[in-house]
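S.K.: next one to model:
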Amino acid sequence: MCALCRQEEETSAHLFINCGYSRAVWADICNHLRLLVVWEGQSILDAFTCWWEHRYPLSLRALPCIFIWGIWIARNKVIFQDCRTPLETVAAQAVSLVQHFRVPGRLCKSRDIRVEQIDKKMPWGYFDGASQENHQRCGGGGILYKNDSHYFKFSAGLGGGSNNYAELMTLRLLLLYALEQGCLSLQVFGDSLLVIEWAKEIQKCNVSRLFPILEEVLLLKQQFIKIFFTHVYRERNRVADGLSKEGTQLAFGTWKIQIVAPTGAYSYYHRPFHDMHRDDI
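M.R.: Below is the predicted model of the structure:
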């Protein structure tokens, strides 16, 4: 039975169109908005078709969806919380949302997500860090390309710390691994503008706990013949972002490496950070 009227079987058409409670809510909404609008039909599809055929103002386009959402919440409160919401409350909430959508929105400048310029004559890599559970669990992830058909993906467990800690640690690991692979020229891309600017020495780091890690990054940077740091938006860093989330599931001090060789073979390694020798890569 319908949880709201207790008089008929609950179907989508009954609940959202024909139920006495729902019809009363719709009438109250129209009264508040001082409108005479039609919401009827044998099915939800019929009701929406009728709605669009009447070509109501643009400001009312969202009204049926807001109304249906309010009815669904009221219905679930009766079933799961044994709490009946006054129809006036449902109507008032719907009116408030409709009036909010009527307010002209501020024009926002869309982000220009340009594809980063990559010189494929030299290696390039992406990095990202993740901090979860109130800084209790951190992970890092990155991908290092020697070329389009030969690259390395890695995830690392970083223990606990802030997001900046995770980003900076992951950048350090990317530089270490690039050097281990003999890459003395490197293009680095990351979505943390702050960490990129620290690495480029454009901006000074004011977090004392991060000084030792940043110092290591700057020392590693000096070992490259050529190295470039470029900020990209998260949309252009999704692979590293996913790998960093995997890193949050690894124990502190361990990492997983996936090697994609020109032959298409895949290999996986789990090992501590400090055990990084050419012999076992």
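
S.K.: can you list contacts of the helix or strand where residue 72 lies?
M.R.: Element membership for residue 72 (DSSP states H and E) is helix 63-81. Applying C-beta atoms under 8 Å, 6 or more residues apart in numbering, the contact partners of helix 63-81 are 3-4, 15-16, 19, 21-22, 25-26, 29, 37, 39, 44, 47-48, 51, 56, 83-85, 87, 90-91, 93-94, 97-98. Quick note: C-beta positions are derived from backbone N, CA and C, even for glycine.

S.K.: how about that helix as CSV, C-alpha atoms only?
M.R.: The C-alpha trace of helix 63-81 is given here as CSV (Å, rounded to 0.1, in the frame of the first residue of the first chain):
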residue,chain,number,x,y,z
LEU,A,63,9.9,21.8,-10.8
PRO,A,64,8.6,18.3,-11.5
CYS,A,65,12.0,16.7,-10.5
ILE,A,66,12.1,18.7,-7.3
PHE,A,67,8.6,17.7,-6.5
ILE,A,68,9.2,14.0,-7.2
TRP,A,69,12.4,14.2,-5.1
GLY,A,70,10.5,15.7,-2.1
ILE,A,71,7.7,13.1,-2.4
TRP,A,72,10.2,10.3,-2.5
ILE,A,73,12.0,11.6,0.7
ALA,A,74,8.7,11.9,2.5
ARG,A,75,7.7,8.4,1.5
ASN,A,76,11.0,6.9,2.7
LYS,A,77,10.8,8.7,6.0
VAL,A,78,7.4,7.0,6.7
ILE,A,79,8.8,3.6,5.8
PHE,A,80,12.3,3.7,7.3
GLN,A,81,11.9,6.2,10.2
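
S.K.: for that helix, buried residues please.
M.R.: Across helix 63-81, burial judged by 16 or more other C-beta atoms under 10 Å covers 63-64, 66-68, 70-71, 74-75, 78.

S.K.: same deal with stretch 39-53?
M.R.: 39, 41, 44, 47, 51.

S.K.: what is the residue lying closest to residue 200 once chain neighbours are set aside paired to in the beta sheet?
M.R.: In this structure, residue 200 finds its nearest non-sequential neighbour in residue 229, 5.0 Å apart by C-beta to C-beta, 6 or more residues apart in numbering. Assessed by DSSP bridges, residue 229 has beta-bridge partners residue 188.

S.K.: so what's the most centrally placed residue in the chain up against?
M.R.: Nearest to the mean C-alpha position of the chain, by C-alpha atoms, centre = their mean, lies residue 234 at 8.6 Å. Residue 234 makes contacts with 191, 241, as judged by C-beta under 8 Å, 6+ apart.
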